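J.: Here is the input, now give the coordinates:
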Amino acid sequence: MQWNRWYCLKSYIRASLWFVPFVSMLLYWVASRITHGIGGWMLRTGRIDETTAFLALSMSGARTTLETIVTINLSFLVFTFGSLLVAIQVAGGQYTPRIIATTLLRDNAIRFTVGYFVFTMLFALRALTKMGSETVHQFNTFIAAAFGLISIVVFLYLIDYAARFLRPVSIVHRVGMFGLAVIQTIYPESTKGPQAINPSCPTAPPHRSIAHKGTSGIVLAVNLDGLVTQAQRAGGVIEFVPQVGDFVSVDEPLFHLHGGANTIDDHHLQAAVAFGTERTLEHDPAFAFRILVDIAIKALSPAINDPTTAVLAIDQLHRLLRRVGLRHVSREELRDPAGELRLIFRTPNWEDFVHLSCTEIRHYGAGSIQVMRRMRSMLENLMYTLPPHRHAELQRQLEFLDRTIDGQYAFAEDRMLARIADSQGLGGSVGMQAVTDAPAV
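T.: Now for the predicted structure:
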């Protein structure tokens, strides 16, 4: 299977709620036969007495028990899927629709819980159908009853988990964790200080360009190792034109080939690029920032008016910016083991991440003193903790923040209050005291 199809298949399975329940159906098929065989063996060898062993249920009692297990697990499934649909609508409306596929549908706790309900329901149903008119399979009934009791505990856990999971702090924290993981993957090298910006492209025009064929879509991921290997074998340089996360239409340039790379087959190159309809977090370092910013500006909209949620999103942006500021983010030239340039692959630079994190939140949150104070705290803390070559853009954002405050607030006291750095947004007693003791303007 080609790399891009394999990647899209894995991404689809990770975001599919049906896959784990489907696997649980296969596990039920295996487990039911194993338990049925064990129960029959224990009866044949006389190790158990069918009338007194385990639960020692009568025929009517065993049927009632198994029917109850089937009913409650079916009810759990209906309730879970109904609640999930409501949660998707609420999360998409209050936070951002981009967390549905990237967070809600990829949550393993929900997927495995649904899978367990399906497994238990089918296991109890099989035990019920295998029961004869006079013989009670005590062992299978006992196992099904144990699974049924566990399913009640699992359901109660799911209710508690869902209530905690849908809180704003849980959503933004999870997106932040995904962002940290992809930053570590895409930018493995630590920053080494300021570097001169030189054009990565070879000075000569490309020998050949390859346009995107098939269906227009968003670049989800690129097989970097595979492209470097192909360029090394051909003795040339491959230039990947778009960035991960860009929308590419049919017949737009996808590759520029230099030198010996001109001989590489088009299908091999296009198979190294995965396209889709929605950005994913695995290979897109800027997408986690985009989701957090969307959550923040949605919270700052007049319809929701929840600046505290925006502050929670800024907390995670602060966390991600600190990690990005310590990595070498201008990773445009990928070389083979011999040190020869083989692939040009553009990624967002430091300024791109800072603009993405600050600009829209500053515009939409201009009227919230809480947001202004938290943004200042973030920028000042980053200037204190990051290397000096990261400070220039942070200083520019501080200047923009001051100009935004000057244009937004009519009272001098509000302007002074908004200029105080506060890691909680608003409520620091030191900040309030500083405004109270300030001379009147």
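J.: In the stretch 151-300 of the chain, where is pLDDT below threshold?
T.: The stretch 151-300 of the chain contains residues with pLDDT under 70 at 193-204.
J.: which residues of it fall in helices?
T.: Per DSSP state H, counting those that start in this stretch, the stretch 151-300 of the chain carries helices over the ranges 168-186, 224-234, 266-270, 287-299.
J.: tell me which residues of the longest one are tucked away?
T.: By 16 or more other Cβ atoms under 10 Å, the buried positions in helix 168-186 come out as 168, 171, 172, 174, 175, 176, 178, 179, 180, 182, 183, 186. All C-beta spots, glycine's among them, are computed from the backbone N, C-alpha and C.
J.: contacts for it?
T.: 91, 95, 99, 102-103, 164-165, 281-285, 287-289, 291-292, 295, 299, 306, 309, 312-313, 315-316, 319-320, 323-324, 327, 331, 347 (Cβ atoms under 8 Å, 6 or more residues apart in numbering).
J.: Surely residue 105 and residue 17 touch.
T.: Yes. At 5.8 Å, residue 105 and residue 17 qualify as touching, with contact defined as Cβ atoms under 8 Å.
J.: returning to that earlier point: which one of the buried residues of helix 168-186 is nearest residue 343?
T.: The nearest member of those to residue 343, counting by Cβ to Cβ, is residue 186 at 13.8 Å.
J.: Next, the contact list for the residue nearest to residue 345 when sequence neighbours are not counted, please.
T.: Leaving aside its sequence neighbours, residue 345 sits nearest to residue 240 (Cβ to Cβ, 6 or more residues apart in numbering; 5.1 Å). Residue 240 sits next to 222, 227, 254, 255, 273, 343, 344, 345, 346 when contact means Cβ under 8 Å, 6+ apart.
J.: Let me see the contact set for residue 386.
T.: 322, 325, 326, 394.
J.: Tell me the one among the buried residues of helix 168-186 nearest to residue 404.
T.: Taking these together and measuring to residue 404 by Cβ to Cβ, the closest member is residue 172, at 23.1 Å.
J.: my read: residue 414 touches residue 369, true?
T.: Yes. At 6.7 Å, residue 414 and residue 369 qualify as touching, with contact defined as Cβ under 8 Å.
J.: tally of neighbours for residue 205?
T.: 9 (other Cβ atoms under 10 Å).
J.: again but with residue 380, I slipped
T.: Using other Cβ under 10 Å, residue 380 has 14 other residues around it.
J.: residue contacts, it?
T.: Residue 380 makes contact with 398, 421, according to Cβ under 8 Å, 6+ apart.
J.: in the strand or helix carrying it, what's buried?
T.: Secondary structure assignment for residue 380, by DSSP states H and E: helix 369-385. Neighbour-count burial for helix 369-385 flags 369-379, 381-383 (criterion: 16+ other Cβ under 10 Å).
J.: and it, C-alpha only, in CSV?
T.: Presented in CSV, the C-alpha positions along helix 369-385 are these (Å, rounded to 0.1, in the frame of the first residue of the first chain):
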residue,chain,number,x,y,z
ILE,A,369,-8.8,43.6,30.7
GLN,A,370,-8.3,40.0,31.8
VAL,A,371,-7.1,39.0,28.3
MET,A,372,-4.8,42.0,28.0
ARG,A,373,-3.1,41.3,31.3
ARG,A,374,-2.7,37.6,30.6
MET,A,375,-1.2,38.3,27.1
ARG,A,376,1.3,40.7,28.7
SER,A,377,2.2,38.1,31.3
MET,A,378,2.8,35.6,28.5
LEU,A,379,5.0,37.9,26.4
GLU,A,380,7.1,39.2,29.3
ASN,A,381,7.6,35.6,30.6
LEU,A,382,8.7,34.4,27.2
MET,A,383,11.2,37.3,26.9
TYR,A,384,12.6,36.2,30.3
THR,A,385,12.8,32.5,29.6
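J.: Phi and psi next, for the residue nearest the centre of the chain.
T.: By Cα atoms, centre = their mean, the chain has its centre lying nearest to residue 102, at 4.3 Å. When read as degrees, to the nearest 10, the backbone of residue 102 gives phi -80, psi -20.
J.: Would you mind confirming that it is in contact with residue 284?
T.: No. Using Cβ under 8 Å, residue 102 makes no contact with residue 284, being 10.1 Å away.
J.: Quick one: mean pLDDT for stretch 354-372?
T.: In this model, stretch 354-372 has an average pLDDT of 93.
J.: Quick check: end-to-end length of that stretch?
T.: Stretch 354-372 has an end-to-end distance of 16 Å (Cα to Cα, to the nearest Å).
J.: cool, and stretch 254-265?
T.: 14 Å.
J.: which parts of it are buried?
T.: So for stretch 254-265, counting by 16+ other Cβ under 10 Å, buried means 254, 255, 256, 257, 258, 259, 261, 264.
J.: ok, so what distance separates the fifth one from residue 236?
T.: Right, the one you point to is residue 258. Going from residue 258 to residue 236 by Cβ to Cβ, to the nearest Å gives 6 Å.
J.: joint contacts of the two?
T.: residue 207.
J.: tell me the mean pLDDT over stretch 310-326?
T.: 94.
J.: Sorry, slip of the keys, the one I care about is stretch 120-140.
T.: 79.
J.: Which pair in the buried residues of helix 168-186 has the greatest spatial separation?
T.: Pairwise distances across those (Cβ to Cβ) peak at 26.7 Å, for the pair 168 and 186.
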